[in-house]
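Enquirer: Structure of the sequence below:
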Amino acid sequence: MSKNKGSQASKQTRNRNLLIVASVVIFSLLLCGTITVRTGMWIWGQFGSDDTEVATTDTPQPAWDEQSAELTVAVSPLMAPVLAQLAEQFNSQTQQTPDGQPMRVQITPYEPAKMIDDALESPSFQALSPDSSLWLDRLEQAWLAKVGQSEQTGVVPVGQQRISGQVRYAVSPVVIVAWESVARELGWPEKAIGWKTIQQKATQDSNFKWNHPSTNNASGLLATLAEFYAGAGLTRGLTEEAATAPATLEYVRAVEATVRFYGEGEEVIMQRLAEEGRTFLDAFVAQERVVIEWNRNPTGERLVAIYPAEGALWTDHPLALVELATPNDAQVVTDQQRLTYQAFSQFLVSAEAQSVLLAAGYRPADLNIDLGSGDSPFANTDAVDWREPQTTLQVPSPAVVEVVQNFWYYTKRPTNVYLVVDTSGSMEEGNKLARTKEALRAFVEQIKGDRDQIGLLEFASGSKNFTPIRPLDASVQSDLLGQIEQMEAIGGTALIDGVYEAADDLLSQGDSEAINALVVMTDGQENESERSLDDLNALLARHADQRLVIFTIAFGSDADEALLEAIAKIGNGQFRRASETDIEELYRIISTYF
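Expert: Modelled structure (predicted):
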């Protein structure tokens, strides 16, 4: 861990507390608590940019004061604002350890996949709470491989485990969320609606838009597992053989072929829903809780929860302590922090905390709480139904989950994507070009399966280098990485021309079955294009059946944000800002949409 991480954590803590105080409702907390602000950019998730290594000795050294009783908990973004509220209540109780150290809990939002990656090293947190125990299973299996234990049993010996003291404090089923009018068109509430219903609707109605997040998010992974269960005709005991049977894969492929795009978790969907309303999506996969949250202060039509007829899986919101497991591991949980963890764990399952979780729209872990009466958000509404789902699917073994996630890349909707990159002279400033190369390499290496096609166009005064869009096999990947390595910064900025040329080549493929997308990055002002936005708009209109999506990135402070926003709007996509510290993470996030 870097020596300055303590001060960074303290600064982040002050910033989070200011956000929490400024928020007046939980939905506001949802938006504020799950983002990090960097140079004016709203970026979702928790980014870790300090990779400084610290030498270790045979005797592990604490990464924080040995007497510290302050516990930092990494929490999935959707739950983070609610847990921050509970941490504030816990801290107000002024509990102390036997040595007189004040017990305090600080919450930091963390995207689950990154949470697990950081937990394998020397994280800045002592406890973690992803939205599903699937992430904890993944952590333990990765830790098993890291410490070199035998994988014959797949079980980490107790003394070698990375985490301990797991507590489940809330649950929420993963449902199909739809606007009420859309749900009624599908047959809700009289008719049982499942994945096949959604697939048939999307096939028959080209305007129907639905999505589920990528499998880097719990709701996306759990929905994918539910699809594999449905394809196999099972509700329990999904095996590798059943998951990879041809009939199962064909079923999943048919459902996935109708997904409009993938993407990030519920907190991003909710923000875009608030901004764009019905024009964004007709239906999407999410935790049941978001339906309750949206309907508290509806700005228009209600959302309703559809519980898949084939069965549903649940997010189970575990809390776990990060443990020392190797002699040279710099991560040491102090005895005082362990006491704070135990006290906070007990607090989360107390009546006081369980009532807060229920009010926030989660189903509490305390099964004695009546969900259907009093001021419960499940009472007096048909938008959610506490009696559902009728069928709860069994969580498969970690080995099966891994197989499903790997095979998903071959059943999901394929992608045709062009990376459109500014390599004008201004990219020579600082580390811009070097950081861009790292981000592009990471993007290319993350795409799996040769069903996806990628192209790369560099622009400056005009198009400079051009790797046409092709299936991403080993040869094409090598070509792309070679072009990235040889990038040089020189020339002006013909942004619109670069976007037009890439879009024209992509759309000329005539592939309406894939997700067609451009990811456009520039650090400067348009100054050399011959074409206009009207030309780009006309091009996309001529190929409306292929639904091109354009993501635009303003890299640094000098980019023409208004123009980039206009391009993203024409392409029904998104505009983002990035600095040198987060450009790689931003490309990684965008890759989840494909």
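Enquirer: Figure out the helix or strand that the residue nearest in space to the middle of the chain lives in.
Expert: Residue closest to the average C-alpha location in the chain (CA atoms, centre = their mean): Glu264, at 3.8 Å. Secondary structure from DSSP states H and E places Glu264 outside every helix and strand.
Enquirer: Give me the pLDDT value at it.
Expert: Looking at Glu264, its pLDDT stands at 93.
Enquirer: what about the strands in the stretch 251-400 of the chain?
Expert: Taking DSSP state E, counting those that start in this stretch, the strands of the stretch 251-400 of the chain run over residues 283-287, 303-306, 314-315, 318-322, 363-364.
Enquirer: CA-only coordinates of the fourth one in PDB, if you can.
Expert: Output of strand 318-322 as PDB, limited to C-alpha atoms (Å, rounded to 0.1, in the frame of the first residue of the first chain):
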ATOM      1  CA  PRO A 318     -22.900 -10.200   2.600                       C
ATOM      2  CA  LEU A 319     -20.400  -8.400   4.800                       C
ATOM      3  CA  ALA A 320     -17.000 -10.000   5.400                       C
ATOM      4  CA  LEU A 321     -13.700  -9.200   7.100                       C
ATOM      5  CA  VAL A 322     -10.500  -9.200   5.000                       C
END
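Enquirer: So which elements touch it?
Expert: Judged by 3 or more CB pairs under 8 Å, 6 or more residues apart in numbering; DSSP states H and E, strand 318-322 is in contact with strand 127-129, helix 133-146, strand 163-168, helix 335-348. Heads up, the C-betas are built off the backbone N, CA and C, glycines and all.
Enquirer: In its sheet, which strands sit next to it, and in what direction?
Expert: strand 127-129 (antiparallel), strand 163-168 (antiparallel) (DSSP bridges).
Enquirer: hey, least reliable of those by pLDDT?
Expert: Set side by side, the strands paired with strand 318-322 differ in mean pLDDT, and strand 163-168 is lowest with a mean of 93.
Enquirer: sorry, back to before: quick one, which of the helices and strands packed on strand 318-322 is packed in tightest?
Expert: Ranked by mean neighbour count, the helices and strands packed on strand 318-322 are led by strand 127-129 with a mean of 27 (mean count of other CB atoms under 10 Å).
Enquirer: what's that one in contact with?
Expert: By CB atoms under 8 Å, 6 or more residues apart in numbering, the residues outside strand 127-129 that reach it are 71-76, 79, 83, 110, 115, 119, 136, 163, 317-322, 341.
Enquirer: From the chain's centroid, how far away is that strand?
Expert: 17 Å (CA atoms, centre = their mean, to the nearest Å).
Enquirer: Equivalent analysis for stretch 506-514, please.
Expert: Stretch 506-514 sits 27 Å away from the centroid of its parent chain (CA atoms, centre = their mean).
Enquirer: Could the C-alpha coordinates of it be exported in CSV?
Expert: Taking Å, rounded to 0.1, in the frame of the first residue of the first chain, the C-alpha atoms of stretch 506-514 are listed here in CSV:
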residue,chain,number,x,y,z
LEU,A,506,-19.0,0.1,-39.9
LEU,A,507,-22.5,0.6,-41.2
SER,A,508,-21.5,-0.6,-44.7
GLN,A,509,-21.1,-4.1,-43.1
GLY,A,510,-24.9,-4.2,-43.0
ASP,A,511,-25.0,-6.1,-39.7
SER,A,512,-28.2,-5.4,-37.9
GLU,A,513,-27.8,-8.5,-35.6
ALA,A,514,-24.9,-7.0,-33.6
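Enquirer: Can you list the neighbours in contact with it?
Expert: Outside of stretch 506-514, the residues within contact range by CB under 8 Å, 6+ apart are 257, 413-416, 418, 453, 455, 469, 516, 518, 539-540, 542-543, 545-548.
Enquirer: The residue nearest to the centre of the chain touches Asn217, doesn't it?
Expert: Yes: the criterion here is CB atoms under 8 Å, and Glu264 meets it with Asn217 at 6.7 Å.
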